[in-house]
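1. just to be clear, the model below is a prediction. Sequence and coordinates:
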Amino acid sequence: QVQLVESGGGLVQAGGSLRLSCAASGRTFSTYAMGWFRQAPGKEREFVAATRWSGGNAYYADSVKGRFTISRDNAKNTGYLQMNSLKPEDTAVYYCAAGRVPTSRSNESNEYSYWGQGTQVTVSS
C-alpha cells in the first residue's frame, strides 16, 4: 500500500515556475512507476508526465514538453514535477499517481493504483 501527498501548488503569474512534490509512504514506492496528471474545471483528467521506477525514462504530454520536468528521489520516497514557463492553460488540480504500469500505458490514468489528493495550480495572465 502506498499513500501519496502532493504539495507545492499555488498562484503564479504566467511565465513563472512552480515545483510540485509528491511524498510517498510505503516501502514499495521505489518499485512503482510514477505519473502526474491534472484536471481543469469542467474537463477530464489528463496526463502530464510519467517516469519509470528508476527515474531513468520520462514521458510527457505534448502540451508540457520542454517546460515541465518529472523526477524522483527514491531514497526520499519523493517525486517532483518542475514546471517552468507556466501558462494560464496549465491551471488545474495536479495529482501524482503510482503503480505497476506498463511503459506503453504510462499516460493512462486507469493503470495507476495509488493517487494523491491533488494540489491546485493557478496561473494568472
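-> Now that the structure is in, tell me what you want to look at.
2. find the nearest non-adjacent residue to the residue nearest the centre of the chain, please.
-> Nearest to the geometric centre of the chain sits residue 36, at 2.2 Å (Cα atoms, centre = their mean). Distances taken as Cβ to Cβ, 6 or more residues apart in numbering place residue 48 nearest to residue 36, at 4.3 Å, with adjacent residues excluded. The C-beta positions use only the backbone N, C-alpha and C, and glycine is treated the same way.
3. kindly export the helix or strand that neighbour falls within (C-alpha atoms) in CSV.
-> If you go by DSSP states H and E, residue 48 is part of strand 46-51. Coordinates of each C-alpha in strand 46-51 appear next as CSV, following Å, rounded to 0.1, in the frame of the first residue of the first chain:
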residue,chain,number,x,y,z
GLU,A,46,-5.3,14.4,-18.4
PHE,A,47,-1.8,13.0,-18.5
VAL,A,48,1.1,15.4,-17.8
ALA,A,49,4.2,13.3,-17.3
ALA,A,50,5.4,9.9,-16.1
THR,A,51,8.6,8.2,-15.1
